[in-house]
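Next one to model:
(chains A, B, C and D)
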Protein chains: 4
Amino acid sequence: MKRTFASDNYSGVHPEVMEALQKANQGHAPAYGADEFTAKASAKFKSLFGNDVEVFFAYNGTGANVLGLSSLTRSFNSIICSDLAHINVDESTAPEKFLGCKLITITQRQGKIYPEDVEARVQRVDDQHHPQAKVISISQSTEYGTVYTVDEVKALSAVARKHRLYLHMDGSRISNAAVGLNQEFRTFTRDAGVDVLSFGGTKNGMMFGEAIVFFNPALAESFLFIRKQSMQLHSKMRFIAAQFDALLSNDLWKRNAEHSNRMAKMLEAQLNQISGVTVTQPVNANGVFAIIPPAVVSALQQEAFFYVWNEKISEARLMCSFDTTEEDVMNFAARLKKLLAR
Amino acid sequence: MKRTFASDNYSGVHPEVMEALQKANQGHAPAYGADEFTAKASAKFKSLFGNDVEVFFAYNGTGANVLGLSSLTRSFNSIICSDLAHINVDESTAPEKFLGCKLITITQRQGKIYPEDVEARVQRVDDQHHPQAKVISISQSTEYGTVYTVDEVKALSAVARKHRLYLHMDGSRISNAAVGLNQEFRTFTRDAGVDVLSFGGTKNGMMFGEAIVFFNPALAESFLFIRKQSMQLHSKMRFIAAQFDALLSNDLWKRNAEHSNRMAKMLEAQLNQISGVTVTQPVNANGVFAIIPPAVVSALQQEAFFYVWNEKISEARLMCSFDTTEEDVMNFAARLKKLLAR
Amino acid sequence: MKRTFASDNYSGVHPEVMEALQKANQGHAPAYGADEFTAKASAKFKSLFGNDVEVFFAYNGTGANVLGLSSLTRSFNSIICSDLAHINVDESTAPEKFLGCKLITITQRQGKIYPEDVEARVQRVDDQHHPQAKVISISQSTEYGTVYTVDEVKALSAVARKHRLYLHMDGSRISNAAVGLNQEFRTFTRDAGVDVLSFGGTKNGMMFGEAIVFFNPALAESFLFIRKQSMQLHSKMRFIAAQFDALLSNDLWKRNAEHSNRMAKMLEAQLNQISGVTVTQPVNANGVFAIIPPAVVSALQQEAFFYVWNEKISEARLMCSFDTTEEDVMNFAARLKKLLAR
Amino acid sequence: MKRTFASDNYSGVHPEVMEALQKANQGHAPAYGADEFTAKASAKFKSLFGNDVEVFFAYNGTGANVLGLSSLTRSFNSIICSDLAHINVDESTAPEKFLGCKLITITQRQGKIYPEDVEARVQRVDDQHHPQAKVISISQSTEYGTVYTVDEVKALSAVARKHRLYLHMDGSRISNAAVGLNQEFRTFTRDAGVDVLSFGGTKNGMMFGEAIVFFNPALAESFLFIRKQSMQLHSKMRFIAAQFDALLSNDLWKRNAEHSNRMAKMLEAQLNQISGVTVTQPVNANGVFAIIPPAVVSALQQEAFFYVWNEKISEARLMCSFDTTEEDVMNFAARLKKLLAR
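Prediction:
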């Protein structure tokens, strides 16, 4: 199938990741994470985040988020997040079903939530009748393609500490965020006060696999049992580990994210030049959100498929991947111009 | 790592499966199963089981089992299974947590359960105080490497029908069972009265991925929601589908299972010739269970690692894979003989 | 303890209910609802709502709500309700934990939600990634002491039917609503399109016990199992049934509700005459909400305790009970006047 | 209805309890346990068990058990109990649904389980694939009307400590056990190593209400939230508390239990004199189990209803209550003799 702007999970697997899978496919390896590939990939994570972190692998983003949150909550807790958070609108009711918790939502602004809104949601503390707030969960980059600055993360962390909440980060597109911020991973996660991180692999060129990183190892105490129980333990673990090893080698994560972010900026620039099209969100990572006249949407999707994010205002979501080409961008813009010119 | 007899998930990925992954890695593909690879693999399943079946993919065996059972039960139900069933002893409490159901166990005989024992467990029907039996779940091949005959499956199905229960089959090693029985898949599943089947891929040469096959499509009505909620929906689905396509092409499933089953028979034959060693279970599939004198276990594990299944009687579990060689078997037997001769 | 305006559950048991408990305490009675008291009370409900309804008893309001909703949902569903709904803010995370569902909230207006807001929440139908809306839940009377008119309930029911949702009513104060509306129970429940009703007993003079009424008996199919599993099945059921029998005899429910509603209106009238005090909500039932200057709150609570509902605006919630007296109201108003006059 | 031997929940409410309910029905009282009745009843429990225990009230036995166990477990744990334990066979799947845990059963002997059997069930410790044993739960008196001796409880407690398990006691009939043992409550609970106790009220003359007693207060840390979430928090709490206050005043608990136990012994003595009837279990509390020829069961149930506990061997369960009379016993025995003489 032709390349699209539908999602960064429409793209396939980066060749270097595929090569790592091939190389890992030699002989036998202990199952369930007791293999050397897992040890090697874990070491890579420790070199990024510090030797005392705990890192585990899971299958997918929903799994990684639920596993991380499960380590932070009990069933009578609530989790404060954006109303557009993936955990709130795109993971079915996995969080509610698996955790028992309530998600308390804040109307996002450019995909983000802010300390004052969070604080207003910390209500009725110690009141047995009311869900007890325990976690702030943010997505980095956000579902709107924006990125929290280091200071924004720190400000949320400060609120979390003040009210004895944990700070969870859904980093399914964390590499795009790191590139967007031009910061080390650690700077805007651990050092900014994040407690648990979902570190995304699939959307940045892997076949499958996400990591959960605990900056406070004590929080990971029961993780192995939780992961197994939640059906997120892979037997042939080496094949997740080898992919992460590749992603974290030779800056592959960075090259991929830089590329997709650059494609997004190029697309933004092109769209900004087309009258009748309005880019709606700052482009900090690999997604571009733009109002495209409804009359041309269908024809434009023939050129390169994308999803209409908000039908009411005909806002399209255009996601760039590691394999998006400059030509893809230019052709898309050209086609859009032509369609609007009719 | 050297090849072992530890588990069929210590082995890697069959080259033909790896090749299929490579081939699937072209351009973009719709996520979450709306791709042509998924359509093609589904068609392969339909050609095996009938055009009216519904088939879905999940990440792992625990996921496949829980998803299938979830479609058959409500939280006040119970599931009748062997005390050694994977769902009972090797899936943490995933079934209880996700389904809410109780597992009612029967002491297995050679890994199997029998109609009269099942019937004795169907108790207090319609009594609101008591868990209401709803499913019989069997493993094919069993955790003890044995295989239910077609008639045995039919007899359990008859009991299920009599008491309005469903019959679920955990087929994480179903290819080994098919070869062991020398029967078409359909004969001992759908045609024998099974309602829902977990069809294993990982243990027969895949990297990851299991299928859930519904022989009564009505039972699959809410499956998509259940799968997503249970964190078993893969985004880049083509990479599970392509593997199943490869497994079901050119009889790869059969070649792999025939080989591993043959290696198990060869191993059994070798062990039978060693005095002091007792094979404890019929070898119908790819596993051999044998009592090996405890004094030599540790040294033997150096030759080729394996797990002691039952420490009390020093019963070892020796699993053969698609990549087990005749030399592996002969070396293992030779080493064991030597160790016992000291 | 002196009478208060704290809550209608601060009051005790109506003497006629207590007498019924005494009378029911003769000899033995079958447990778990197979007794004649349960049969008699059920018949009373059927005479109110129709012979084909199904009625069951539970311990408390949270239980009744969760049981009713449990009969209407599967775990991947969502429930649309007011942001102030008891199920959303006062039942811990019982709905999420027991049902697995997400609650989708609408900012209430005078305690109510309206069809257009509900419709905006029915999103992404059949999208496996998104919680699937299945129920609209409203409280009658509302948490703000207001009452949905018959037409308002019908309008919500019409939206429910249009989108294949169920309409659930939390009637923990349904008697107050009936009196407020001056309508038969049936008119604004079953005949207005409600599917399942929590019929409150405790807040209208009972010691414990709530009823769940199914207007569509098919929805009650598995109720007995769900109730037992959710720990809401009382063994000595006659003692809930006898209370409901008393409540539904000689219009006790109505006398109690008329009285408490009348006390609320009297209180409202008094407060309206006090400058500096603002009644914030229409008084349709037995609750009065009023802004009371914060400086006098504490002293006024000495006269008769009440809760500050909204601290930000110093909005008090003043609940009247079957045992509130005119003197209680007049003394409270007099004391408030005096405090403000200082 | 005529008195029966069906169950101790077929009986009503003891007059002294009913009187306490009347007396508690004066004026208003704070809801949810902040009332003076709750304080007074809690003090009674503390005088029995020690000032540092934590005690809470719940609605029913299933609730009390699940709440207590919920404080001891996480969802990947297992609970070891008798195969006849109320939590295993008479509470639907409430434990599985609410706790997520697996119940591991031991074939009871005279209703009891023993240390060696428990130890054999503590398997695969720290193995992520296997449910992790965390609690031993025993019923006192047992479902078979027998009573664990102090030494038997201590022996189980020793095993619990050895394997870092908790010891939970389902004391829905704990007063009968205390009388049967002729021991203080504390001797065979706290002092024998029990961690959490369900203290039964309903079956010993109360209308509704059970207590959960934590001997290690740290275990009760989140209890209030768990109770509310599990729908077991009563609003008009004074009416549970007042009953317990009555039960623990003037040795009412003891008088009731002594009486029902004495009636059981009398019944046992009578049955022992009837040829063709075999008492099957030691009579330590208020239940008598006896094989009664099936031909006379139905006619005998006309005299005084009872349940056939085990249909296969026609074993009847005959429960005595605080209101069982000597005449009831003698008439029952006489009628049985007459029926067998035909």
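
Kindly confirm my reading that A:Ala333 is in a helix.
Yes. Counting by DSSP: H, G, I helix; E, B strand; the rest coil, A:Ala333 is found in a helix.

show me the contacts for it.
A:Leu267, A:Gln270, A:Leu271, A:Gln273, A:Ile274 (CB atoms under 8 Å, 6 or more residues apart in numbering or on different chains). No exception for glycine: its C-beta is placed from N, CA and C like everyone else's.

Spell out which parts of the stretch 101-250 of chain A neighbour chain D.
Counting by CB under 8 Å from any CB of the partner chain, the stretch 101-250 of chain A comes close to chain D at A:Gln128, A:His129, A:Gln132, A:Ser222, A:Leu224, A:Phe225, A:Ile226, A:Arg227, A:Lys228, A:Gln229, A:Leu233.

circling back: dump the contacts of A:Ala333 to a markdown table, plus distance to A:Leu99.
What follows is the contacts of A:Ala333, written out as a markdown table (distance: CB to CB, whole Å):
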| residue | distance to A:Leu99 |
| --- | --- |
| A:Leu267 | 37 |
| A:Gln270 | 42 |
| A:Leu271 | 39 |
| A:Gln273 | 46 |
| A:Ile274 | 44 |
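
Closest one to chain B out of those residues, please.
A:Leu267 (15.9 Å; CB to the nearest CB).

Would you mind listing the buried residues in the helix or strand hosting that closest one?
Element membership for A:Leu267 (DSSP states H and E) is helix A:252-272. Neighbour counts over helix A:252-272 (16 or more other CB atoms under 10 Å in any protein chain shown) mark A:252-253, A:255-268, A:270-271 as buried.

Direction included, what does the helix or strand just after it pair up with?
Counting by DSSP H and E, the next helix or strand C-terminal to helix A:252-272 is strand A:278-279. Sheet pairing of strand A:278-279 (DSSP bridges) gives strand A:287-291 (antiparallel).

Next, the angle helix A:252-272 makes with the partner strand.
20 degrees (axes from the mean of the first three to the mean of the last three CA atoms, to 10 degrees).

So which bits of the stretch 51-200 of chain A are right by chain B?
Counting by CB under 8 Å from any CB, the residues of the stretch 51-200 of chain A near chain B are A:Tyr59, A:Asn60, A:Gly61, A:Thr62, A:Gly63, A:Val66, A:Glu91, A:Ser92, A:Thr93, A:Ala94, A:Lys97, A:Phe98.

Now do the contacts for the fifth one.
When contacts are counted by CB under 8 Å, 6+ apart, A:Gly63 is found next to A:Glu210, A:Ser230, A:Met231, A:Gln232, B:Met231.

Kindly confirm my reading that it forms part of a helix.
Yes. A:Gly63: assigned to a helix according to three-state DSSP.

can you pull out the strands in the stretch 101-250 of chain A?
A:102-106, A:132-139, A:166-171, A:196-200, A:210-214 (DSSP state E, counting those that start in this stretch).

So for stretch A:155-163, what gets flagged as buried?
A:Ala155, A:Leu156, A:Ser157, A:Val159, A:Ala160, A:His163.

Could you do stretch A:26-34 as well?
Applying 16+ other CB under 10 Å to stretch A:26-34 flags A:His28, A:Ala29, A:Pro30, A:Ala31, A:Tyr32, A:Gly33 as buried.

Also near chain D: which of the residues you listed, exactly?
Among the buried residues of stretch A:26-34, chain D is touched by A:Tyr32 when using CB under 8 Å from any CB.

Considering the buried residues of stretch A:26-34, which is situated nearest to A:Leu103?
Distance to A:Leu103, by CB to CB, is smallest for A:Gly33 among the buried residues of stretch A:26-34, at 29.9 Å.

So the closest one, which state does it fall into?
Going by three-state DSSP: A:Gly33 is coil.

Could you do the one 10 residues further on as well?
With three-state DSSP as the basis, A:Ala43 sits in helix.

what's the distance between the closest residue to A:Leu233 other than its chain neighbours and A:Ser198?
Once flanking residues are discounted, A:Leu233 sits nearest to A:Arg227: 5.1 Å by CB to CB, 6 or more residues apart in numbering or on different chains. Separation of A:Arg227 from A:Ser198 (CB to CB, to the nearest Å) stands at 13 Å.

Over to A:Ser175?
From A:Ser175 over to A:Ser198 (counting by CB to CB), the distance is 12 Å.

got it, and A:Gly180?
On the measure of CB to CB, A:Gly180 and A:Ser198 end up 17 Å apart.

who's more crowded, the two?
Higher neighbour count among A:Gly180 and A:Ser198: A:Ser198, with 30 against 26, using other CB atoms under 10 Å in any protein chain shown.

Any idea what the more buried one is bridged to?
Beta-bridge partners of A:Ser198, as defined by DSSP bridges: A:Asp170, A:Ile212.

got the contact list for it?
A:61, A:64-65, A:68, A:168-172, A:174, A:210-212.

Now flag whichever of those residues is closest to chain B.
Set against chain B, the nearest of the contacts of A:Ser198 by CB to the nearest CB is A:Gly61 (7.9 Å).

Name the nearest residue to the closest one, ignoring sequence neighbours.
A:Ser172 (4.4 Å).

check contacts around that neighbour.
A:Gly61, A:Ala64, A:His86, A:Ser139, A:Ser198, A:Gly200, A:Thr202, A:Lys203, A:Glu210.
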